[in-house]
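> have a look; sequence and predicted model below, questions after that.
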Amino acid sequence: MPGPAADTDFVAVDAMTMAYGSFVVQENVSFSIRRGSVFVVMGDSGSGKSTLLRHMIGLDRPAKGDVRYAGTPFWSSTEAEQRRLRRRFGVLFQGAGLLSSMTLAENISLPLVQHLRVPRGEAREVAVTKLELVGLGGFEDSYPSQVSGGMRNRAGLARALSLDPDILFLDEPSAGLDPLSARHLDDLILELRSSLGTTFLVVTHELPSIFAIADDAIFLDGERHRMVAHGPPREMAATTTDPKVKAFLERGQYP
Amino acid sequence: MNAAQASVHLDGDGTLVIRVSGDWALESPVPAPASTIQEVKRAPPTRLILQAADLGHWDSSLVSYLASIAEVARDEAVTVDTTGLPRGLQHLLALAAGPRRPLPPPPPHQPLPTRIGVAGIDFGEHAAGMLDFVGRASLAVKDVLLGRGHFERRDFGLLLEQSGGSALPLVAVINFLVGAVLAFLGAVQLQQFNATIYVANLVGVGTVRETGALMTGIVMAGRTGASFAAVLGTMTVNSEVDALETMNFPPMEFLVAPRILAMVLMMPLLVLYADLFGILGGYVVAVGLLDLTPSLYLTQTREAMTFSDVLVGLLKAPAFGAVVALAGTYFGMKTGRTASAVGVSTTRAVVSGILLVIVVDAILTVFFYAVKL
């Protein structure tokens, strides 16, 4: 299905409703992501940003709607097809979700060894390179519990990159990073987008990051349980009529 | 320090004046706002004036006292004048008066029959969930055995050690003592018939058929079943399980199947080892206290036990291992997303592990009796 049309709708969320039991988190969310762009999901705390991400990567089944990757719907596909789609994802979880029983290098080489049957020595080389990419050269034999939260986050990003994914899902990647590391991470995202053509979905509420990296964005409102704004953040800030979105993007600046 | 005081005074024109004075500190007694709040609600004044006079040191106790009264007054549409208070206090009160979300209604009180019903439905769901889990775990074990599943060989080595080697001292001590207790119990009864030599039969057959496997099963439920639940629970809390799932490592194959396999493989070995220590416990008591000669006791033990006695114990072992591992992994994977949920899961894993071991033991004992093994 590739082609120009598939490129603008590389990832497409169709009228997705997310609910836990009878509690509706977000209703009727629709948007699409162009191939090779950085898409940001913003919203106030508890508005369901991470929930949206969990529904997109196949951890929680939507109450209604579906998500399509290059035209292939995820939730109405067979398990084998879902596996094939997941193989193209890289995910950074909040708090990184690194396996605590393995070193950073082992964490990153695990999918290489298990899925691609790369020999261990070679996989380790790749892992070291990925760690260097996120500024963690020399930490390959540390365990996740031995490094700081910000470093765990970066190692989680390195693991998400291990299989050279087409789509990277990042859940609050700069949480707990100092301003310099956060800036470095933004640069890295832009670099990966332009050099590898990776598509990004980033959940964040760090304003500097949003303005630095986002090509397109949506805003989820936790009180009204729906998507209230959609567009590039600068445009959104200039044109939105929603007071909450405006206040958010202007960091509630005092008049 | 002067005692904290609040004088409440209603003027002729309906203005309520509250004048606070003294030192207000959280650790010392301060006036309670309840009666004033009642008063404001009952007969709203036209205006509320908050003033300070001779106010010494003050902290959050004063802020919360004034804020709780001011809030009620505002609800009754009464203007609140705080200009008579120190500046800092005025600002804090203004902040506290910000918009607030209405509290969600308290959960309705449910009568006992409803709660029993809800508990019954929950139990049914748990049982169905557990059956589903057993099914998926069996499929995963099959996949791993056929070499189709993903699993880390190095991790499996650690699991074998955890569910085997490192339990050796505890299994030895417990089975030794149980064997000794069996010998005592038998000796007292058999002495009446001058048949103390049959202590060897009691200890030998009792240990290999029953107590060796049962005690080891219970020890493993408390030890390894608990650790499975705690480890998997913590991994769930840390999003490690989610991460595995998105990396196409089905947690069933990667986490659950190796643990079940490790327990099923190690339990028979542990039970064999437990049997030896159980018999040793009986031997020490018999030789030490009952004046039986070592060679007589050992010959008698060997004659008393048949191969099928040993086999019964060894057949029970993998079944116990499977239920302990299933309980541990099931509750581990079912853990909620908080630290206390890990504790709850661990407790449940141990309780149901022990319960299941005893239930399975009862069923198997009847079964082996029926098939005359």
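Perfect, thanks for sending it. Residues are numbered from 1 along each chain as shown, chains lettered A, B, ... in the order given.

> whatever residue of the stretch 251-373 of chain B ends up closest to chain A: how many residues sit nearby?
Taking CB to the nearest CB, chain A has its nearest neighbour within the stretch 251-373 of chain B at residue B:254, 8.9 Å off. No exception for glycine: its C-beta is placed from N, CA and C like everyone else's. Residue B:254 has 24 neighbours, counted by other CB atoms under 10 Å in any protein chain shown.

> contact partners for it?
B:149, B:150, B:151, B:152, B:244 (CB atoms under 8 Å, 6 or more residues apart in numbering or on different chains).

> quick one, grab the pLDDT at it.
On pLDDT, residue B:254 comes in at 90.

> neighbours of residue B:32, how many?
Residue B:32 - counted by other CB under 10 Å - has 11 other residues nearby.

> what is the neighbour count of the residue in the stretch 1-150 of chain A that chain B sits nearest to?
Nearest residue of the stretch 1-150 of chain A to chain B, counting by CB to the nearest CB: residue A:97, 3.4 Å away. Residue A:97 has 26 neighbours, counted by other CB under 10 Å.

> ok, residue B:205 next?
By other CB under 10 Å, 19 other residues sit near residue B:205.

> hmm, it is touching residue B:310, no?
No: look at residue B:205 against residue B:310 with CB atoms under 8 Å: they stay out of range, at 9.7 Å.

> show me the contacts for residue A:130.
Residues near residue A:130 by CB under 8 Å, 6+ apart: A:108, A:158, A:159, A:161, A:162.

> sort out which of the residues you listed are buried, if you could.
Among these, those classed as buried by 16 or more other CB atoms under 10 Å in any protein chain shown are A:108, A:158, A:159, A:161, A:162.

> out of those, which touch chain B?
residue A:159 (CB under 8 Å from any CB of the partner chain).

> show me which pair in the buried ones among the contacts of residue A:130 is furthest apart.
Spatial extent of those (CB to CB) is set by the pair A:108 and A:161 at 8.2 Å.

> show me the contacts for residue B:314.
If a contact means CB under 8 Å, 6+ apart, then residue B:314 has B:213, B:268, B:271, B:272 as its contacts.

> confirm for me that the second one is in contact with residue B:316.
No: judged on CB under 8 Å, residue B:268 makes no contact with residue B:316 at a distance of 9.2 Å.

> quick one: which of those two has more around it?
More neighbours surround residue B:316 than the other of residue B:268 and residue B:316, with 26 against 19 (other CB under 10 Å).

> could you pull out the strands in chain B for me?
B:5-10, B:15-22, B:47-55, B:79-84 (DSSP state E).

> which one of those strands lies closest to residue A:24?
Comparing those by their distance to residue A:24 (CB to CB), the top pick is strand B:79-84, with 38.4 Å.

> pLDDT score assigned to residue 225?
In the absence of a named chain, this looks at chain A. pLDDT, residue A:225: 88.

> switch to chain B, please.
95.

> am I right that residue A:18 sits in a strand?
Yes: the assignment for residue A:18 by DSSP: H, G, I helix; E, B strand; the rest coil puts it in a strand.

> now the contacts of residue B:254 in TSV, with pLDDT, distance to residue B:183 and neighbour count?
Compiled in TSV, these are given as follows (pLDDT from 0 to 100; distance: CB to CB, whole Å; neighbours: other CB atoms under 10 Å in any protein chain shown):
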residue	pLDDT	distance to residue B:183	neighbour count
B:149	72	46	19
B:150	75	49	19
B:151	73	44	19
B:152	76	45	19
B:244	92	50	21
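
> of the residues you listed, closest to chain A?
Distances from chain A to the contacts of residue B:254, taken by CB to the nearest CB, are shortest for residue B:150, at 5.0 Å.

> tell me the most buried of the strands of chain B?
Looking across the strands of chain B with neighbours counted as mean count of other CB atoms under 10 Å in any protein chain shown, the highest average goes to strand B:15-22: a mean of 20.

> how about that strand as PDB, C-alpha atoms only?
The C-alpha coordinates for strand B:15-22 follow below in PDB (Å, rounded to 0.1, in the frame of the first residue of the first chain):
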ATOM      1  CA  THR B  15     -21.600  41.900  60.200                       C
ATOM      2  CA  LEU B  16     -19.700  39.000  61.600                       C
ATOM      3  CA  VAL B  17     -16.300  40.000  62.900                       C
ATOM      4  CA  ILE B  18     -13.700  37.300  63.700                       C
ATOM      5  CA  ARG B  19     -10.700  38.700  65.500                       C
ATOM      6  CA  VAL B  20      -7.700  36.300  65.900                       C
ATOM      7  CA  SER B  21      -5.000  36.900  68.400                       C
ATOM      8  CA  GLY B  22      -2.100  35.100  70.200                       C
END
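
> returning to that earlier point: also near chain A: which of the contacts of residue B:254, exactly?
Contacts with chain A within these, as defined by CB under 8 Å from any CB: B:150, B:152, B:244.

> contact partners for the second one?
Meaning residue B:152. For residue B:152, the contacting residues are A:110, A:114, B:254, B:258, by CB under 8 Å, 6+ apart.

> restricted to helices, list the residues you listed.
Counting by DSSP state H, the contacts of residue B:152 place A:110, A:114, B:258 in helices.

> of the residues you listed, grab the buried ones for PyMOL.
Listed next is the PyMOL selection for buried residues among the ones in helices among the contacts of residue B:152, using 16+ other CB under 10 Å:
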select buried, (chain A and resi 110+114) or (chain B and resi 258)
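
> so among the ones in helices among the contacts of residue B:152, where is pLDDT lowest?
Minimum pLDDT across the ones in helices among the contacts of residue B:152 is recorded for residue A:114, with 85.

> per-residue pLDDT, residue A:4?
For residue A:4, the model assigns a pLDDT of 51.

> what is the neighbour count of residue 113?
In the absence of a named chain, chain A is used. For residue A:113, the neighbour count with other CB under 10 Å is 18.

> that's the wrong chain, I meant chain B
8.

> tell me the secondary structure at residue A:68.
Using three-state DSSP, the structure places residue A:68 in strand.

> is the residue of the stretch 1-150 of chain A closest to chain B in contact with residue B:245, as I believe?
No: counting by CB under 8 Å, residue A:97 does not reach residue B:245; the two are 10.2 Å apart.

> could you pick out the residues of the stretch 101-250 of chain A near chain B for me?
Residues of the stretch 101-250 of chain A lying near chain B (CB under 8 Å from any CB): A:101, A:110, A:111, A:114, A:115, A:159.

> ok, the second one touching residue A:98?
When you say that, I think you mean residue A:110. No: at 10.2 Å, residue A:110 does not count as touching residue A:98 under the criterion of CB under 8 Å.

> that's all I had, so thanks and see you.
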